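Engineer: sequence first, predicted model second:
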Amino acid sequence: MAEIVNLNRARKAKARTDAAAKAAANRAAFGRTKAERQAAEAEARRRERELDGARREP
């Protein structure tokens, strides 16, 4: 036979895991210092510039 599942408990458990994942993403996005954010943005711009410089025109 199938296991009996309390749907309310399962729904709440899924909501907790979703909230934890969202919190982790927010910590990564907003939990950095201004210098870290600026360094990451500069690195992204540098990578984009290198990629555009290596692009071949048809």
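Structural biologist: That came through, no problem.

Engineer: so for the strand or helix carrying Arg37, mean pLDDT?
Structural biologist: If you go by DSSP states H and E, Arg37 is part of helix 34-53. Averaging pLDDT along helix 34-53 gives 92.

Engineer: quick one: the lengthiest helix in the chain to helix 34-53, angle?
Structural biologist: Criterion DSSP state H: the longest helix present in the chain is helix 7-30. Here helix 7-30 runs at an angle of 80 degrees relative to helix 34-53 (axes from the mean of the first three to the mean of the last three CA atoms, to 10 degrees).

Engineer: could I have the CA atoms of helix 7-30 written out in PDB?
Structural biologist: This file holds the C-alpha atoms of helix 7-30, laid out as PDB (Å, rounded to 0.1, in the frame of the first residue of the first chain):
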ATOM      1  CA  LEU A   7      -0.800  17.100   2.600                       C
ATOM      2  CA  ASN A   8      -0.800  20.100   5.000                       C
ATOM      3  CA  ARG A   9       2.500  19.000   6.500                       C
ATOM      4  CA  ALA A  10       4.000  18.300   3.000                       C
ATOM      5  CA  ARG A  11       2.900  21.700   1.700                       C
ATOM      6  CA  LYS A  12       4.500  23.400   4.700                       C
ATOM      7  CA  ALA A  13       7.700  21.400   4.300                       C
ATOM      8  CA  LYS A  14       7.900  22.400   0.600                       C
ATOM      9  CA  ALA A  15       7.300  26.100   1.500                       C
ATOM     10  CA  ARG A  16      10.100  25.900   4.100                       C
ATOM     11  CA  THR A  17      12.600  24.500   1.500                       C
ATOM     12  CA  ASP A  18      11.600  27.000  -1.100                       C
ATOM     13  CA  ALA A  19      12.000  29.800   1.500                       C
ATOM     14  CA  ALA A  20      15.400  28.500   2.500                       C
ATOM     15  CA  ALA A  21      16.500  28.400  -1.200                       C
ATOM     16  CA  LYS A  22      15.300  32.000  -1.700                       C
ATOM     17  CA  ALA A  23      17.000  33.100   1.400                       C
ATOM     18  CA  ALA A  24      20.300  31.600   0.300                       C
ATOM     19  CA  ALA A  25      20.000  33.400  -3.100                       C
ATOM     20  CA  ASN A  26      19.300  36.700  -1.300                       C
ATOM     21  CA  ARG A  27      22.300  36.200   1.000                       C
ATOM     22  CA  ALA A  28      24.500  35.700  -2.000                       C
ATOM     23  CA  ALA A  29      23.000  38.800  -3.800                       C
ATOM     24  CA  PHE A  30      22.600  41.200  -1.000                       C
END
